[in-house]
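Visitor: Structure for this input, please:
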Amino acid sequence: MPFFALACLLVDAPWMLVCDWIGMLAFVWIDVNYWNNNCDVYMMQKAFLQEACRTIPLQNNDLMPHQFLMFFRQVFHLYLFAPFLLLAVRPLRRKTSPQFASCTPFTLHYLPLVVFFLLPSFFCAFAPIPLAAHINPQAVVAALEPGLFLDTDAMTLSPELTQGMTVSQSFVTEKDGLAAVGVKLTNFKRRISSHLRFSLRDAAGAELATETVRGRTLKNNDFCAFRFPPVATAKGKTYTVTLTSPDATPGNAFAVFVSTDNIYPEGKCSINGTPQAKALLFRLYYGQPAGKDGQP
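Guide: Below you'll find the model as predicted:
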């Protein structure tokens, strides 16, 4: 309603175009942060970009970061009442402005939708990997070949991954060159200042790779990827990914998405060492091994 009301006022007062565009920018900013992996570039990928880009290097909220979300929420709240305030302070004149007489309210309103949503979505889908990685380091996995993708709508959350807790999932690789593992995490829409530690071990328990990342660099409700040098002889072997945190506390920690049922019997899920009849939601990525010694 506010969008169309402002669009109609725009024909009478061209300067209101600025208000309409600011309101639409605020709306899109809120949309791509609250409903990421849904109302963003992934919606376009599922609709008509599946063959063109199997892996999306960026998300819209990489360009519209969460840090400014509260500001744009306040802007949008003001925008919701703008048409009523404008109508209250002055009558709506019937005469249209010659400058905008040829533009319909529909066109003037939906142009910012193209500018603030469609164009950024296409950029996110086709951005060059070096540029995408500069914006979001997680984008480097877009250069890798996607493998097993374990996801489901029947999911729940693990307990918060606070200091001293462990969440593990074993899996069997499909091919050589295992180069990254993505695990679906949530920060409950909070700014996490603690760290998350990733560990990859082989079937014998030997640690092949480890990485500790700052929580603030990871996204909410997303597959957060941990990359390592490709494992040359990985095909058909079992590996275990383990997540821990050296400093997370309640309210300042991530949780991991897990399925409600065991949808991946090839692997085993455990929380604090206790086997679970569930599975972590994860995905695998493959790259070109640099050597043939089987070690990353």
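
Visitor: Which residues does the spatially most central residue of the chain form beta bridges with?
Guide: In the chain, the residue lying closest to the centroid (CA atoms, centre = their mean) is Asp222, at 4.7 Å. Going by DSSP bridges, Asp222 is paired in beta bridges with Leu185.

Visitor: hang on, it packs against Lys184?
Guide: Yes - contact criterion CB atoms under 8 Å: Asp222 and Lys184 qualify, at 6.8 Å. C-betas here are computed from N, CA, C, even on glycine.

Visitor: For Thr249, see how far away the residue nearest to the centre of the chain is.
Guide: Relative to Thr249, Asp222 is positioned 22 Å away (CB to CB, to the nearest Å).

Visitor: Then Pro120?
Guide: Per CB to CB, Pro120 is found 35 Å from Thr249.

Visitor: again, but for Leu131
Guide: Distance, Leu131 to Thr249, using CB to CB: 36 Å.

Visitor: What residues does Cys39 make contact with?
Guide: Counting by CB atoms under 8 Å, 6 or more residues apart in numbering, Cys39 touches 31-32.

Visitor: Please repeat the previous calculation with a cut-off of 10 Å.
Guide: With contacts defined as CB atoms under 10 Å, 6 or more residues apart in numbering, Cys39 is in contact with 28, 30-33, 60, 117.

Visitor: who wins for neighbours among the residues you listed?
Guide: Counting neighbours by other CB atoms under 10 Å, the top entry in the contacts of Cys39 is Val32, with 27 neighbours.

Visitor: Could you confirm it falls within a strand?
Guide: No - according to DSSP: H, G, I helix; E, B strand; the rest coil, Val32 belongs to no strand; its state is helix.

Visitor: which non-adjacent residue is nearest it?
Guide: Spatial nearest neighbour of Val32, excluding adjacent residues (CB to CB, 6 or more residues apart in numbering): Asn60 at 3.8 Å.

Visitor: and that neighbour, backbone torsions?
Guide: Dihedral angles of Asn60 (phi, psi; degrees, to the nearest 10) stand at phi -60, psi -30.

Visitor: And Leu284, by the same measure?
Guide: The phi/psi pair for Leu284 (degrees, to the nearest 10) is phi -110, psi 150.
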